[in-house]
Each structure stands twice: as C-alpha cells, then as structure tokens.
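> got a structure for you, letters missing:
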C-alpha cells in the first residue's frame, strides 16, 4: 500500500527522532546501522511512486545523524 507524501513525511520524521533512542539501544555502530536500515526499509516498502523521494530523505537523515551515507537496498 502506498502512503501519501504527508504520511511518509511523518514516518520519516519519527525515524529521525528515534535515532537518539536507537543510539542508546544499539551502542555498536554496526548494530545501529542495521536497525536504521531495517526501519528505513519498512518505510520504503510503503513509498510506491515516492521511492526516490523517500530514499533521498533517508540518506539525508542518515548523514544528518552522523551515520554517513548508507546503502539502502532497492526493491
């Protein structure tokens, strides 16, 4: 099911905010990246035709939170 851009933006904002808690839960960087990628993939599967937009936002979130560029798998 494809979500609207507004709904996707809400999920992306929630993920961005959740990274602080994720850092506590996953102090190891590799574990944190796995958790982030898993959460990112859960959003991407709902992106439909907005997948490029969502991927760009996810990359921006990763970089802004010091996770660096991460490779997100394509469907």
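Arrived safely, thanks for sending. Nothing here was measured: the structure is a model prediction, and the numbers come from that model.
> what about residue 46, which SS state?
coil (DSSP: H, G, I helix; E, B strand; the rest coil).
> any idea of the pLDDT on it?
Residue 46 carries a pLDDT score of 96 in this model.
> likewise residue 75?
At residue 75, pLDDT is 53.
> going forward, count from 7.
I'll keep to 7 as the first residue from here, and by that count the last item is residue 81.
> mind listing the helices for the protein?
Along the chain, counting by DSSP state H, helices occupy 11-31, 35-50, 57-70.
> okay if I get those as a markdown table plus mean neighbour count?
For the C-beta atoms, the positions are set from N, CA and C on the backbone; glycine is no exception. Formatted as a markdown table, these follow (neighbours: other C-beta atoms under 10 Å):
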| stretch | mean neighbour count |
| --- | --- |
| helix 11-31 | 14 |
| helix 35-50 | 16 |
| helix 57-70 | 16 |
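> low-confidence stretches in the chain?
76-81 (pLDDT under 70).
> now do the contacts for residue 8.
Residue 8 makes contact with 52-56, according to C-beta atoms under 8 Å, 6 or more residues apart in numbering.
> hmm, I typed the wrong one, I wanted residue 38.
28-29, 32, 73.
> go with 7 Å
28-29, 32 (C-beta atoms under 7 Å, 6 or more residues apart in numbering).
> how close does it get to residue 31?
Distance of residue 38 to residue 31, given as C-beta to C-beta, to the nearest Å: 8 Å.
> quick test: name the residue nearest the centre of the protein.
Centroid check for the chain by C-alpha atoms, centre = their mean gives residue 46 as the closest residue, at 3.2 Å.
> alright, calling it a day.
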